Each structure stands twice: as structure tokens, then as C-alpha cells.
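J.: A structural model of the following input is requested.
(chains A and B)
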Amino acid sequence: MVIYMKFDVGGTVYKTEGAIVTSAVSEFNSSSSFTATINNEGGYLKTTFDIYDDVTIYSDKDVTDPTTKIFKGKIERIKHSGQAQDAKITLAGRDLSADLQDAIIRPEVYNNTEVSEIVKNLIVKYASDVSYTNVDVTTTTLTRKTFNKLSLFDAIKQLAELSGYYFYIDVDKDLHFKLKESISSGITLNNTNVVKSDFGETDREIYNSVYVYGSRLLSAWQNNFIGDGAGSVFNLDYKPHNTNVTVSGALQKGGIAQISEVPSGVNYVVDFNERDIIFISGAEYGNSIPGSLVAVAIGYDRSVPVIQFKEDAASIAAYGRKVKVIQDDSIKIPDEASDVVDQVLDEYSDPRKQGTIYMHNVAPLTAGNTIIVDLPNSDVSSQTYQILEVTYNFTAKNMLADKVLSINVSKKILDLTDTLKDMLNRLNSLEAKEITDQDVVTRFDVDIGSIYLQVSGWEVSSNAINNSFYLDHAVNGMMGSPALGVNGSQLVMGSASIGGWSIQVSG
Amino acid sequence: MAMVTHAVNTMAILLAGSTVRPEACGIGTGSAAEAITDVALVTESDRNLVTTTSTATAGEVKYTTDFGAVEMSGTAMTEFGMFPSGTTSTGSLWNREAFAGVTFDGSTELQVQITYKYIL
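T.: Model prediction:
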């Protein structure tokens, strides 16, 4: 019972001292990476590897030349260490999903579009060399979805979150976008194939009372009054933006309250916080107070927030109220906020349980697929879990002992890395909040190509005219006896006596 | 053989629709080594229009130019290059080759073949 591994770079197999392949997952996606250490004794491989060389890793149990592909990606880092006999090369890189992580989306907006259609459209626009034959149609149609300067990977991740799907790119560079926990790995883990297991449960990420604050929008409003001839202050329903005030149909000029220098000609000032329009009177500015029974119409914009709030009563009853507040200025309409609230409640209203299982054998497991775990002593009896993480640790010891593979299952307990990633995404969103799909962007693309023009060859050839008649020639141009040609023979008409081309010099 | 700067510049103009292209071969008796800054032969002695132009090979164009025994008589040819049509010492050359030399005493004709090749 031995695990065999084959490490292939650009079609050539290399022997490694150790290799780790990790299918790192978030809650809604998976992507793989590898690290491999190769003996470079005397530097004999010092120039063998280059950045972006293709890497394929195969592994099988009890098969000396394994053919099961468990990783395909590219070298992104090369590190040389040690010296002389101890010299080593460490190679590392990501799988083909790196292409998604490196592509940045320009502002895009989708209205009333089913999620898989958005995914396909984004792939066509920003990662055209990735196929999408395994993008499944979802039951989720988004009222509105905007992307501003986000990586393609994060954009698809957001779509996966909103639809309850997960995604990854397989070894054939095909995007899989599948319903979570819908694809079974076909493997059951129990005491016959598990080396050891650790299971943990936490209330750390329970949220059952969720607020989503989107951006604020301005909408028109109007208050109408009848003047009494004495009152100068008119209180509005909302704090006013962009006021438009008429008195008996005549447009009034406005200013801002509590600014010491009120410009000449101003009829009223605005006290924003008190929601007041204050008409001016006095010797310096004249009397602008509306007269008795005079119609005063005050039009303005009010700031309306996009807010959605929902709770999960059952979860609150079981675990107490756990509040999550999301502020996302990229959310422009209530329906979009509602989609986010629903997703958070679906995902976080119950406690999270996560297990790490070390198992015998080796199999091409895909994070996101499901696996059956039957470990009664850990209070897990034939339950179906989602695979969150798959790690192949190829060391000589592990391979001989058949202990290469470990997996994480169930809902992922968010760690510091997830939190930092979320913070970065929110910072990006904040910085890009003023970017819209209506913006005109000057797109100056620079492409690099080359075409060379060269002289690939040349020949200088001569051709002896012999005794052929040659018009205007000092010797061969005179016909008739006893005239002779340059070669001493009697001149003849026609070219039969010409010698033929002979290359004198060439290059 | 050196393609010269003029060829690069003129290629761009050709793509824009210009009809100025290599149509004649000039020969000369100058001896300086070729350089990409050359705009003319050192001592151009004769120039003839191209006899045949072949594009039989993809990405290549072959120019063949003939010179008669009379016009070549007494010439110690040491350089040649492609030019637009025109009389000697007019226009800018596309390429120039300098070599040890071939002397013509009136008993032979001359043929010059030059092949341009485009490479990606």
C-alpha cells in the first residue's frame, strides 16, 4: 500500500523531495496551489525551470507510473536555496484559476439576469481562454448586480454566494459553477479508511439579524405653505438638498444659514439640520418674508437610504440575536440589498461545524463536492458534508505509510485570512463606489508584436554573351564578315550561343 | 545584407496606401560597408527597373533585375541595393550590400536577385 506521485513540468518528469498540493477553498469556491522541492545538487537544474511553466501532478495508489491527474497549473515562484550537494529548488504556483484572480473587471451592470448568464458573460469578456461547459443554470435571477474594479474571481465568488453555488476551474481549464453540495465524490469516510479526525463547532459566525445599508439616493420632494405675512421660518419634512423655492410663482434666490456673509439679493437661507427655509428681512437685504395668504412652494431633494433588514426567528430562539450590519455603497436599489440579506441569513443563521480528516489512499477529490462521513465517536453518523479543503502532502514517509491525503469538511469557519480578504474587498468597493457603468473610459490598449523584414538572400550572376549579336555592343554589335564576337567566333544572330547564368557572388 | 532605416519608415507609409515601393535595382562601385543609416549607394553607376517580381514563397518577395553587357562594360561592381523607380542617385534605397566586387569587361550580362522575407 504505497502512494506514488509523478511531478511533470512541461512534459518532463522530475523527482521531488517533497510536494504539497492544496485545494484551498473558501465557502463558495476552490482553487489549488502547489509547492514542490527538487534536489538541485551542484546546480544541475539551475536553468531548467521558468515562470509560467506548466505543471501537472499525478498520483495513484500502488501504481508506479500514476496517471490520475490531481493538479494542473503554472509555476509562479522559483526559489533556489542551499549550495553544492545541498542545493534545492522550490517551485510554487497556483492552478488555472489564477487567470480569474488576475483579471480585473471594468464597471459592469446586469439587470434582471440569471446568475449563470452573468458568469458566462464575464468569462467571455475577461477570460476568453477559459471554457464554461460546466456552468449550471441557477434558479437565481438578480434584479441588479454591479461590479466595479473587482477581480473576476471575486465577482464569480459573489455570484456563487448569491445563488448558493460554488465554483472552480478543473485541470482542463473549464469553469465549473455548481449548486453547493450537489455533486458527490462517491467516497465514504469511516474507520476503515480514516487515519484520524478532528471536529469542531463554533457560534462565532452565527448571524440571524441582518441589516444591509446600501448607498443613499436623492429623490424629489415638495412642501407647500401659505404665508401669514409674519412668519419667516418654514419647516420641511426632510433635510433639503438642491432647494427650489417660489413665492407666488416667483423663483427665490437662496443661501446657507449661519454663514456670516450672505450675498446680496438672497431671499432665503437653508438650515439643513433643522430642515428650515428661513426668509430674510432687514434693512440690509430687504424684506423677503412671504405676505399673508401668499403661496410658498419649496421643492427639494431628500436623501433616501437603501436599507433592508430581516431576521431568522428560529435561529434567534435557539442562539440569541446575533446582529450583522453590512454597509455596501455599491448597492443601489432595495431588491439588491434584499438578495444580500437573504444570502447572509441562509448561510450564517446556524452554527458552523468543521472537521479535518486524515485518510488512507489517494483520490482526485474536488473541494466543493460532498463526501459521506461516518464517525460515530465524533458525533458524526453517516452525514453528508461538503469538502472544504483537500491537501496532498507528498513526502517519502507519508507515501510509504499511505497517509498523503487530508481533507476539511463541512462549513468553513472563517479565519483571519477570510476576514482580511473581506476587508480588502470592502475597501475596493469603497474606493470604487463613484464608478458607474455610465462613465466614459478612455481605453488605450498597448499590444506588443513584431514583424521583421530582412533580406534573406541575394545573388549576383553573370552571363557570357559569347558570339551572339548584341545591339550597340562595341564588338558583338557589328554583323558581317570578318567581324568576330568577344570569344573570337563568327557572330551569330539569336541567343543560342549565350552561355547561361553563373553565380559570381551571393549572400 | 542590411535593411536600412528608410525601409522601416516606408513600410509604415506603404501600409497607409503609398505606392512608393522597391521597383528598381541600383548597382555601384563604392566600397564602404553597409549601414542601416545608408540612404544611397556610395557611387551608384546604373539603375534598372526590376525585370520580374515573384511572391511564390509565402512571406517572401524576390526581385530579379537584369543589366545588359553593354551598360555593364567596364564596371567593377562592388555594391547594389533596391530603390524606387527613377534615374540613378534619386530616391532612397531599401537595402544595400557591399562585397568584394565583380568586374564586367563587356563580355557578360548581369542579373541581380534579391529576396525580402517577412518574419514574425
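J.: could you use CA atoms for every contact and neighbour count after this?
T.: Noted.
J.: pLDDT score assigned to residue 116?
T.: In the absence of a named chain, chain A is used. Residue-level confidence at A:S116 comes out at 93, pLDDT.
J.: ah, I was thinking of chain B
T.: 90.
J.: dump the helix or strand of chain A with the lowest mean pLDDT to PDB, restricted to CA.
T.: In chain A, the helix or strand scored least confidently by mean pLDDT, DSSP states H and E is helix A:416-431, which has a mean of 72. As requested, the backbone C-alpha atoms of helix A:416-431 are provided in PDB (Å, rounded to 0.1, in the frame of the first residue of the first chain):
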ATOM      1  CA  LEU A 416      -8.100  35.800   9.800                       C
ATOM      2  CA  THR A 417      -7.300  35.300   6.200                       C
ATOM      3  CA  ASP A 418     -11.000  35.300   5.300                       C
ATOM      4  CA  THR A 419     -11.500  38.400   7.300                       C
ATOM      5  CA  LEU A 420      -8.600  40.200   5.700                       C
ATOM      6  CA  LYS A 421      -9.900  39.200   2.300                       C
ATOM      7  CA  ASP A 422     -13.300  40.500   3.100                       C
ATOM      8  CA  MET A 423     -11.800  43.800   4.400                       C
ATOM      9  CA  LEU A 424      -9.800  44.200   1.200                       C
ATOM     10  CA  ASN A 425     -12.900  43.600  -1.000                       C
ATOM     11  CA  ARG A 426     -14.900  46.100   1.000                       C
ATOM     12  CA  LEU A 427     -12.100  48.700   0.700                       C
ATOM     13  CA  ASN A 428     -12.000  48.100  -3.000                       C
ATOM     14  CA  SER A 429     -15.800  48.600  -3.100                       C
ATOM     15  CA  LEU A 430     -15.500  51.800  -1.100                       C
ATOM     16  CA  GLU A 431     -12.800  53.200  -3.300                       C
END
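J.: what's the offset of that helix from the middle of its chain?
T.: 14 Å (C-alpha atoms, centre = their mean, to the nearest Å).
J.: got the contact list for that helix?
T.: Under the criterion C-alpha atoms under 8 Å, 6 or more residues apart in numbering or on different chains, residues A:S26, A:N148, A:K149, A:L150, A:D328, A:D329, A:S330 lie in contact with helix A:416-431.
J.: beyond that helix, next helix or strand please.
T.: Next along the chain after helix A:416-431, taking DSSP states H and E as the criterion, comes strand A:452-464.
J.: now do that following strand, average pLDDT.
T.: pLDDT averaged over strand A:452-464 gives 87.
J.: what of stretch A:336-355?
T.: 84.
J.: mind saving the C-alpha coords of that stretch as PDB?
T.: C-alpha atoms of stretch A:336-355 as PDB (Å, rounded to 0.1, in the frame of the first residue of the first chain):
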ATOM      1  CA  GLU A 336     -30.300  44.100  -4.400                       C
ATOM      2  CA  ALA A 337     -30.000  44.700  -0.700                       C
ATOM      3  CA  SER A 338     -32.700  42.100  -0.100                       C
ATOM      4  CA  ASP A 339     -30.700  39.500  -2.100                       C
ATOM      5  CA  VAL A 340     -27.700  40.100   0.200                       C
ATOM      6  CA  VAL A 341     -29.800  39.800   3.400                       C
ATOM      7  CA  ASP A 342     -31.300  36.500   2.200                       C
ATOM      8  CA  GLN A 343     -27.900  35.100   1.400                       C
ATOM      9  CA  VAL A 344     -26.500  36.000   4.800                       C
ATOM     10  CA  LEU A 345     -29.400  34.500   6.700                       C
ATOM     11  CA  ASP A 346     -29.200  31.300   4.700                       C
ATOM     12  CA  GLU A 347     -25.600  30.900   5.200                       C
ATOM     13  CA  TYR A 348     -24.900  32.100   8.800                       C
ATOM     14  CA  SER A 349     -28.000  31.500  10.900                       C
ATOM     15  CA  ASP A 350     -26.800  28.100  12.100                       C
ATOM     16  CA  PRO A 351     -23.600  27.200  13.900                       C
ATOM     17  CA  ARG A 352     -20.700  26.000  11.900                       C
ATOM     18  CA  LYS A 353     -19.100  22.600  12.300                       C
ATOM     19  CA  GLN A 354     -15.800  21.800  10.600                       C
ATOM     20  CA  GLY A 355     -13.800  18.700  10.600                       C
END
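J.: list the buried ones in that stretch?
T.: A:336-342, A:344-345, A:347-355 (16 or more other C-alpha atoms under 10 Å in any protein chain shown).
J.: which members of the residues you listed are positioned in strands?
T.: Using DSSP state E, A:R352, A:K353, A:Q354, A:G355 are the members of the buried residues of stretch A:336-355 that sit in strands.
J.: which positions in chain B make contact with chain A?
T.: Contact residues (C-alpha under 8 Å from any C-alpha of the partner chain) of chain B with chain A: B:1-3, B:69-70, B:95, B:102, B:106-120.
J.: can you count the residues close to residue 110?
T.: No chain in the question, so chain A it is. Neighbour count for A:Y110, taken as other C-alpha atoms under 10 Å in any protein chain shown: 15.
J.: switch to chain B, that's the one I care about
T.: For B:L110, the neighbour count with other C-alpha under 10 Å is 22.
J.: host element of it?
T.: strand B:108-119.
J.: before we move on, back to that, max pairwise distance over the contacts of helix A:416-431: which two?
T.: Greatest spatial distance in those: A:S26 and A:D329, 23.9 Å, computed using C-alpha to C-alpha.
J.: from A:V455, how far off is B:F99?
T.: Shown here: B:F99 relative to A:V455, a distance of 15 Å by C-alpha to C-alpha, to the nearest Å.
J.: neighbour count for those two, which is higher?
T.: A:V455 (22 against 19).
J.: looks like the more buried one contacts B:K117 (just checking).
T.: Yes: with contacts counted by C-alpha atoms under 8 Å, A:V455 reaches B:K117, the gap being 6.0 Å.
J.: now the nearest residue to A:Q85 once chain neighbours are set aside. Its backbone dihedrals?
T.: Take A:Q85 and drop its neighbours on the chain: the residue closest to it by C-alpha to C-alpha, 6 or more residues apart in numbering or on different chains is A:E41, 4.5 Å away. A:E41 has phi and psi values of phi -60, psi 120 when expressed as degrees, to the nearest 10.
J.: can you pull the contacts of A:E41?
T.: For A:E41, the contact set (C-alpha under 8 Å, 6+ apart) comprises A:Q83, A:A84, A:Q85, A:D86, A:A87, A:K88.
J.: list of residues touching stretch A:336-348?
T.: With C-alpha under 8 Å, 6+ apart, stretch A:336-348 has contacts from A:142-145, A:161-164, A:205-214, A:306-312, A:331.
J.: just the buried residues of those residues.
T.: Buried among the contacts of stretch A:336-348 by 16+ other C-alpha under 10 Å: A:142-145, A:161-164, A:205-214, A:306-308, A:311-312, A:331.
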